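Participant: take a look and give me a structure for this.
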Amino acid sequence: MKIGFQGDIGSNAEEATSVFLNSISVKNITPVALVTSKNVVSALLNKEIDYGVMAIRNSIAGEVAETKNALTEDIELINTTDIPIHHCVFVKNKDAEINFVASHIQALLQTVKTREKILKDANELECIDTALAAKMLYEGEYPENYAVICRKNAGQL
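Facilitator: I've put the predicted structure just below:
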């Protein structure tokens, strides 16, 4: 059995997937990182995965537009779960002047007030996933003047 999730390895959706898997008693499940809600819905409709995990809303930034736009009438909601969201800021060089902060739009919306204090002059750059932003920083796709917002485990990866 396969369960696809919105996000990359280290994302909040991967954590939600782990919480979901711990709540059911099904063996031999393979999690699949599909990065976007659109990819999760497509994989469900094409029967490439058996279940999909996507963010629906959060208490600070509200409804997740990406998921709302991806959902179709052919998708049935069977379970919801709440997970705490804890964002971290990662940089490649702590001495660099940070001009840009990259993350998923939902994480950018969730961290506006905090970023006004610590990264007030940094321009926002949307990325399709928080964990992917961390990976891109690590792999050099973002230069040293970028910060990323992601889960702690994604930044550590």
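Participant: dump the residue contacts of residue 4.
Facilitator: Residues near residue 4 by CB atoms under 8 Å, 6 or more residues apart in numbering: 31-34, 39-40, 43-44, 48-49, 51-53. Glycine gets a C-beta too; all of them are placed from N, C-alpha and C.
Participant: list the ones among those residues that fall in strands.
Facilitator: 31, 32, 33, 51, 52, 53 (DSSP state E).
Participant: and for the fourth one, nearest residue in space, chain neighbours not counted?
Facilitator: Which is residue 51. residue 3 (4.3 Å; CB to CB, 6 or more residues apart in numbering).
Participant: mind checking which helix or strand that neighbour is in?
Facilitator: Using DSSP states H and E, residue 3 maps to strand 2-5.
Participant: who's in contact with stretch 5-22?
Facilitator: Contact partners of stretch 5-22, identified using CB under 8 Å, 6+ apart, comprise 3, 29, 31-37, 39-40, 51-55, 66-67, 79, 81, 83, 85, 129-132, 134-135, 150-151, 153-155, 157.
Participant: just the buried ones from the residues you listed?
Facilitator: Buried subset of the contacts of stretch 5-22 (neighbour count, 16 or more other CB atoms under 10 Å): 3, 31-37, 39-40, 51-55, 66-67, 85, 129-132, 134-135, 150-151, 154-155.
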